[in-house]
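Enquirer: The following block contains a protein sequence and its predicted model.
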Amino acid sequence: MTSEHGHPSRIGWQLPPFYCPFDERLIHPKSDELEQRAVEWLDSFGLYPDAIERAWGLATRSADFTSRIIPYGEVEMMLLFVEWNYWAFAVDDWQNAGSATSRSADIADHAVRLARTLEIPRPGVLPAGPHTAALEDLAARTRAALSPFQLRRFTEGTRDWLFGEGWQTSNSERGVMPSLNDFSAIRMSINGTGFTVAWCEAANGIHVPPDELYAAPVRALTDAAGFIVGCDNDVFSYNKEDHQEPWEQNLINVVAQELGCTPAQALPAAVAVRDRAMTLFITLREQLARKAGKELGRYLVALGHWLAGNIAYHNVAPRYASPRNRHELPVEGASYHITWRDTPSDASTEPLPVPALAWWWQQLED
């Protein structure tokens, strides 16, 4: 899949089997069309300064990501989300470009300006340039496409993502590797859970009544989905980020700190944490499905698509399978060649010993 350059992987290239009892084969039939149109949009703004940056930007394969997690969505809504993902990857890379270059003060300043640009037409709070022009185009088209409630869901999700990124950057700035509890409490924010789920709803035309959507069991299920996706991202991203100093804040390094062991030794324990969360997700989802109305039922299905599609996407995205810290250019056809398992690596149904997550299990009926 890839060769070693500079230093060997701390966890190896053969990842543990993934437990996910949802269909990972689904993909939207318009995936190629979405990719073509999104790349034309990117190029129209000159978002990448040169051919190498463009190659790595396109290696995120945002259309593939969107098409796998929303396999039945409305095309024009999905196109907006694909373009948002390309843009968000660029921002995420800037904010994670290494703790030496991104300060928490810079992140906080940029986050406030970005959030206001989403909500107010052309507020003029960001410097002129291709990224700002692309953002203003996206924001204007998003405000026109989404209902007021959908727009509020999206802007709140974006604020939460920026909030999580700022916290992570402040830890790097101070040389802090968070505890498992602190990390777990914020992981779904760092992952942009609200940012993604808002588009899963909009592109699928899902309209869950607010009193149902914000009920504690549904909130717990959504958080659990975001946590699982974040954990999977941490596994796939590990080799992409293992050159950073201080070490990247991810599930594997956090668990290694908790256990006082190497990342390779921590990997099975990290996967067990993720699998326990998946068991909770499946049980709570089945509980909610028994009484769910039509729209909530569709929302529950969409979360399952997100979990499975996210794994399938990461497996073959050049951004992860041929990471930039080991390759001059993305490798076409690179893959982790993952395997799947039918049962969790940790079969316990007891709550994880993580106080910040305990409330998920409290939503289960006796």
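Expert: Cool, the structure landed. It should be emphasised that the depicted structure is a prediction, and the values quoted were computed from it without experimental measurement.
Enquirer: mean confidence for the host helix or strand of Leu284?
Expert: Element membership of Leu284 [criterion: DSSP states H and E] is helix 263-289. Summarised as a single mean, pLDDT over helix 263-289 is 98.
Enquirer: ok, now stretch 324-331?
Expert: Rounded mean pLDDT across stretch 324-331 is 95.
Enquirer: Next, name the residue at the spatial heart of this structure.
Expert: For the chain, the residue nearest the mean C-alpha position is Asn191 (4.2 Å; C-alpha atoms, centre = their mean).
Enquirer: Next, the contact list for Tyr299, please.
Expert: Glu201, Ile206, Val208, Leu213, Val218 (C-beta atoms under 8 Å, 6 or more residues apart in numbering). For glycine as for every other residue, the C-beta is placed from the backbone atoms N, C-alpha and C.
Enquirer: Swap in 7 Å and give it another go.
Expert: Taking C-beta atoms under 7 Å, 6 or more residues apart in numbering, we find Tyr299 in contact with Ile206, Val208.
Enquirer: which strands and helices sit next to the helix holding Leu284?
Expert: In this structure, helix 263-289 packs against helix 216-241, helix 251-259, helix 294-316, with contacts taken as 3 or more C-beta pairs under 7 Å, 6 or more residues apart in numbering; DSSP states H and E.
Enquirer: go again using 10 Å as the cut-off
Expert: Under the contact definition 3 or more C-beta pairs under 10 Å, 6 or more residues apart in numbering; DSSP states H and E, helix 263-289 sits against strand 18-19, helix 180-190, helix 216-241, helix 251-259, helix 294-316, helix 358-361.
Enquirer: Pairing partners for the shortest one, with directions?
Expert: Paired with strand 18-19 in the same sheet, following DSSP bridges, are strand 340-341 (parallel).
Enquirer: do you know how far His243 is from Leu251?
Expert: The gap separating His243 from Leu251 is 18 Å, by C-beta to C-beta, to the nearest Å.
Enquirer: I meant to write Ala302 there.
Expert: Distance from Ala302 to Leu251, by C-beta to C-beta: 24 Å.
Enquirer: ok, back up a step: buried stuff in the helix holding Leu284?
Expert: Within helix 263-289, the residues scored as buried using 16 or more other C-beta atoms under 10 Å are 263, 266-267, 269-285, 288.
Enquirer: what does stretch 326-342 give?
Expert: Buried residues in stretch 326-342 (16+ other C-beta under 10 Å): Arg326, His327, Pro330, Val331, Ala334, Tyr336, Ile338.
Enquirer: just stretch 205-217 next, same as before
Expert: Ile206, His207, Val208, Leu213, Ala215, Pro217.
Enquirer: can you give me the end-to-end distance of it?
Expert: End-to-end distance for stretch 205-217, by C-alpha to C-alpha, to the nearest Å: 22 Å.
Enquirer: So which residues make contact with it?
Expert: Contacts to stretch 205-217, defined as C-beta atoms under 10 Å, 6 or more residues apart in numbering, come from residues 72-74, 77, 147, 149-150, 153, 197, 200-201, 218-219, 221-222, 284-285, 287-288, 291-302, 359-360, 362-365.
Enquirer: And stretch 35-45, by the same measure?
Expert: Contacts for stretch 35-45 (C-beta under 10 Å, 6+ apart): 30, 47-48, 54, 57-58, 61-64, 66-67, 75-76, 78-87, 90, 129-135, 137-138.
Enquirer: Of these, which belong to helices?
Expert: 54, 57-58, 62-64, 66-67, 75-76, 78-87, 90, 130-135, 137-138 (DSSP state H).
Enquirer: Now list the buried members of those.
Expert: By 16+ other C-beta under 10 Å, these give 54, 57-58, 62-64, 66-67, 78-87, 90, 131-132, 134-135, 138 as buried.
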